[in-house]
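# heads up, no residue letters with this:
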């Protein structure tokens, strides 16, 4: 399975560590728990990044990082029936409980979870402390830019 991440260039070297998620927590993890967030398409990674950007600040230092999870690595998929109503709204603590439990269980190195930004699409959580995580490949970062029209500006 291919996956993508978008991050600021200065954090690209840490993109496979889960350090940012450990420090700040996220939709699917509590602070103190390492997890690497990725998406199953570059377009979804872009939307997931865009919804977390300050609207008036056009980032100029982004990179995209593609990766591959080999077929030999188990990818667990969250059964959406386990999700509470309105799960996609911010601050739903039950999602952190699901993600934290998955990390602690060590069941798999990858966990597909639904995207809140685009319903019907999927993100993938990667467990950097799982024994099979070493089999997951991260490619070199490539510069990434959003279209300026996304920020209300005309293209050059």
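Structure's in. What do you need? A quick note: this is a predicted structure, and the numbers were derived from the prediction, not measured.
# Not counting its own residues, what contacts the longest helix along the chain?
The longest helix of the chain (DSSP state H) is helix 93-105. Counting by CB atoms under 8 Å, 6 or more residues apart in numbering, helix 93-105 makes contact with 25-30, 33-35, 76, 78, 82-84, 87, 108, 111, 113, 125, 127, 129, all of which sit outside it. Glycine gets a C-beta too; all of them are placed from N, C-alpha and C.
# Put the buried members of those residues into a ChimeraX selection.
Buried members of the contacts of helix 93-105, defined by 16 or more other CB atoms under 10 Å, are picked up in ChimeraX with:
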select :25,26,27,28,29,30,33,34,35,76,78,83,108,111,113,125,127
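# Filter the contacts of helix 93-105 down to the ones in helices?
Using DSSP H, no member of the contacts of helix 93-105 falls in helices.
# Which ones among the contacts of helix 93-105 lie within strands?
Of the contacts of helix 93-105, the ones assigned to strands by DSSP state E are 76, 111, 113, 125.
# which one of those residues is nearest residue 7?
residue 125 (15.4 Å; CB to CB).
# What distance do you get for residue 3 to residue 57?
From residue 3 across to residue 57, the span is 26 Å (CB to CB, to the nearest Å).
# quick one: which of the two has more around it?
Neighbours per residue (other CB atoms under 10 Å) separate residue 3 from residue 57, with residue 3 holding more: 28 against 8.
# Setting aside sequence neighbours, what's the nearest residue to that one?
residue 38 (4.0 Å; CB to CB, 6 or more residues apart in numbering).
# The one you found contacts residue 128, doesn't it?
No: using CB atoms under 8 Å as the test, residue 38 is too far from residue 128 to be in contact (11.6 Å).
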